[in-house]
Structure formats: C-alpha cells, structure tokens
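K.L.:
3D model of this:
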Amino acid sequence: MSSPSDLRGPLGDPPPGARALARGITATWWYTVSAVVFIELFLVFAWALRVLAIPVDPISMVVLGIGGIVWLLSTMVLLSAYRHRIENGPGFPWARIAVPLLVAVAYGVAAGLAANSWLFGAMPLAQSVVLLNWQRGVRVRVVGLATLVLIVFAFVDGTRGALGGGIPDWIPTLYAIVIPAMSVSSLWWWDVLVTLDRARASESRLAATQERLRIATDVHDLQGHHLQVIALQLELAERLMERDPEAALEQLRAARVSVDEARQGTRDLATRVRSVPLGDEVANARDLLSAAGLIVEAEIAPDAGEAPASALGPVIRETTTNVLRHGAGRRARLSFARTRDGWRYEVVNDVDPDAPREHSGSGLDGVKRRLGEVGGTLEVREGDDEFAVIVTVPDHDADGGAR
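P.N.:
This is a model prediction of the structure:
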C-alpha cells in the first residue's frame, strides 16, 4: 500500500533534506552552542551545590551564581567568534575575545577563592582558551595542556584537603577536568559538518560549471558549423552573381535553408537543456498536490528515465493543473509504468458528487492534440466520485526517433 505523499522508485525524489541544508547547518550550530553552554551551566551548578555543603557567606554564593552567568555569556561571545573565524582570517580577533578572557580570569579568581579551590579557579580560563580559533593541530595540544593543568590543580586541592572523599564531591572535580575536551569534541563535529557542506557546495559549483561548459561546447559546435557553411554559400553566391545569376540565387536559397537549420538546431538544444526528467516531473506533481492539501499516492517505474520526456512532461503538468482546478481536494493517485508497447501515465482524483459537472476546459484538448502528434492516446473516465485521465505514448521520442 502506498503511504500518503509517498513516491516509490529510484527516480523523482531529491536527496532527503537537500533543500534545507543551509537551514540545517545553522540549526546544527545552535545545537553545538547549546551543548557547550549546557555543559558549562551544569558545571557551575554542581560547584554551587558543593559550596552550599559547607558554611559560606552569602557573598560567595552571589559570586558563584551571578559571576557564573556572566562567564557563560562571555563564552557565547567566544563561540560566535569561532563560528566566524573564516571571515576573521588567521589569528585571533582580539577586539572581540579580550573582554571574554578577562571575564574568565576575574570569575576564576573570585570563584576559586569562594570555593577554596585552585581547580575551580583555573577552570573558567582553561575552558575559554580552548574555545579560541587555534590552528589545525595546535588546538589538540592546547586541550591536552589545559587538561593537564587542571589535573595538577585537582591534585593540589586534594593535598590541601579541599576535596571531599565521597563520590558527590568528586563529580564536580571530574567534570571540571574533562570540560575542555568535551567542549572541543562538540566543536570538532561542527567543523566536520562545515567541511562537508563546503565540499557539497564545491561539488555543486563544479557540476554547474561543467554543465555550462558542455552547453557552450554544444552551442559552439552547432553554430560554428552552420555559420561556416553559410559563409561559404554566401561567398560562392557573390562570385556567381555576375556570370551565373541563377546559380547565385540557388546558393542564396541554400544559405537560407542553412539559417533555418541553425535556428531549429538551437531550439532543439534549448529544449534538451530545459527538459526535466520524468521522475522529477512526477515528484513535482506529487509535491504540488500535497501542498494543496491532498492525500497523494504516487508510483513510478524504476526505468522512467527512458520514457519520452518531451511528450509526457507537458502532459503531467497539465493534468496536475486539472486536478487542482476541478478536483474535490481530498485525494489523488498518480501512476507511471511501462507497457508492452510504450508508457502509461494515469492520474485519478476525487470529485464532489453534488457539484455540477462542467467541461474541464481546453487543457485536456491541448493534451490530446499533443499526444496525437507523437502517436499517443488520451482517455478520460468520469465516475460518480472519481475523475481519471489515462495517457499512453509509444516508446519513442517526440520527433519520432525509435529508441
């Protein structure tokens, strides 16, 4: 059974999510920022609970709370600078990161004194430093050095008796040690996504460039050949004009025929360039009907790319318009399949049985004329609650060339 708005077959559907890639990569960035800020917020909260376990004055709690919020906001500035590192160029934008680094130092000193911990005093600066735009390979060393420094300070706190021996006391300590590595791992995933997106954009630009070169080559070959022939025919006509006017006139007629051939060849080339694969045509029809609120079932033959697109493409578009104009707007079914002698396209939509029946317009008449030119047929079936259009075309191109 076909699910609503489901198109089966290898043709017709763009890669999932391809249309929203730019929006998706922006959303992923905010997921990354949220993950880093959540890690920092959880760490500040854990250390605040640890400080609450011992008698402290209210000022220490104010420093841990309000100071922690200010520090979190400062790291968001660093993350923003990290995201725009390409525009900033190599090095650090000191005008943007100087204040966040000073905030990290000030909060580290105040929070370290309030919590009586060297580790908690060094953690804000270590976390802020690893969020900077370090060069490739340098950031790993910075993270390793920052983690090592935090381990040393944790050992110092342990020898001073500033760390408790229970598991709850060790959770903030362990979190403070691993937070640089956890944050950088999130940024690393973001960097991977950015690299993939740039590769996709480069591939798209390369494909577009190659297509333009191919079209330019086709136009050059087509026009160059005909223009050369026309130039020779006109030159010959000029030479024959005085001694053999009849032969000169014949060459002029031949030049006019060459001009018509060049013009027709250009039109044919433009038609091939503008042609859309039939799988995409059916997918576009399905998307359009779904956007109009219909429940759409669509099936397409796996080898739909072999069908005569020049004949069936306009037919698919016209029948889709007919469904939107004259259907009841609840459901539709599209099917495209190969037959023994050619191809069969069928579109069925519901109709309102209480609505007055009227002719669907000249659209289907135009479809019938177009199909007649290529040896195809059009059949219309009207029922009490359904309207069906069945189209068949032989297995050859619109110009009559056999496949």
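
K.L.:
Report the buried residues of the host helix or strand of residue 73.
P.N.:
Take DSSP states H and E as the rule and residue 73 turns out to sit in helix 58-83. Taking 16 or more other CB atoms under 10 Å as the basis for neighbour counts, the residues of helix 58-83 that come out buried are 60, 63-64, 67-68, 71-72, 74-75, 77-79, 81-83. For the C-beta atoms, the positions are set from N, CA and C on the backbone; glycine is no exception.

K.L.:
any chance you could map the strands in this structure?
P.N.:
Along the chain, the stretches classed as strands by DSSP state E are 6-8, 295-300, 331-338, 342-350, 377-382, 386-394.

K.L.:
Compare these and say which comes out lowest on pLDDT.
P.N.:
Per-segment mean pLDDT for these reaches its minimum on strand 6-8, at a mean of 39.

K.L.:
Can you give me the neighbour number for residue 221?
P.N.:
Around residue 221 sit 12 other residues, with neighbours defined as other CB atoms under 10 Å.

K.L.:
Ignore what I typed, I meant residue 193.
P.N.:
Neighbourhood size, residue 193 [other CB under 10 Å]: 15.

K.L.:
Over to residue 304?
P.N.:
Applying other CB under 10 Å, we find 24 residues neighbouring residue 304.

K.L.:
so what are the domain limits for the protein?
P.N.:
The domain map for the chain lists 18-201, 210-274, 278-394, with the assignment taken from automatic domain parsing.

K.L.:
shaky segments in the stretch 251-400 of the chain?
P.N.:
Within the stretch 251-400 of the chain, the set of residues satisfying pLDDT under 70 comprises 270-276, 328-329, 354-363, 396-400.

K.L.:
what about 80?
P.N.:
When the per-residue scores of the stretch 251-400 of the chain are filtered using pLDDT under 80, the ranges that remain are 267-281, 283-284, 291-293, 302-311, 313-314, 325-329, 352-367, 370, 383-384, 395-400.

K.L.:
Look up how far residue 146 lies from the residue lying closest to residue 35 once chain neighbours are set aside.
P.N.:
Counting by CB to CB, 6 or more residues apart in numbering, residue 35 lies nearest to residue 186, which is 4.9 Å off, once chain neighbours are set aside. Using CB to CB, to the nearest Å, residue 186 is found at 16 Å from residue 146.

K.L.:
So for those two, which residue has more residues nearby?
P.N.:
When neighbours are counted by other CB under 10 Å, residue 146 comes out ahead of the other of residue 186 and residue 146, with 23 against 17.

K.L.:
In contact with that one, which residues?
P.N.:
If you count contacts by CB atoms under 8 Å, 6 or more residues apart in numbering, residue 146 has them with 126, 127, 129, 130, 180.

K.L.:
Top of those residues by number of neighbours, please.
P.N.:
residue 127 (26 neighbours).

K.L.:
The spatially closest residue to residue 82 that is not a sequence neighbour - how many residues pack around it?
P.N.:
Nearest residue to residue 82, sequence neighbours excluded (CB to CB, 6+ apart): residue 133, at 5.5 Å. Here the count is done by other CB under 10 Å, and residue 133 has 21 residues near it.

K.L.:
doesn't residue 29 make contact with the residue nearest to residue 35?
P.N.:
No. Residue 186 is not in contact with residue 29 according to CB atoms under 8 Å; the separation is 10.5 Å.

K.L.:
before we move on, back to that, how much space between the residue nearest to residue 35 and residue 38?
P.N.:
With CB to CB as the criterion, residue 186 and residue 38 are 10 Å apart.

K.L.:
just residue 211 next, same as before
P.N.:
For residue 211, the distance to residue 38 under the criterion CB to CB works out to 45 Å.

K.L.:
ditto for residue 207
P.N.:
With the distance defined as CB to CB, residue 207 ends up 39 Å from residue 38.

K.L.:
now do residue 300
P.N.:
The spacing between residue 300 and residue 38, counted by CB to CB, is 45 Å.
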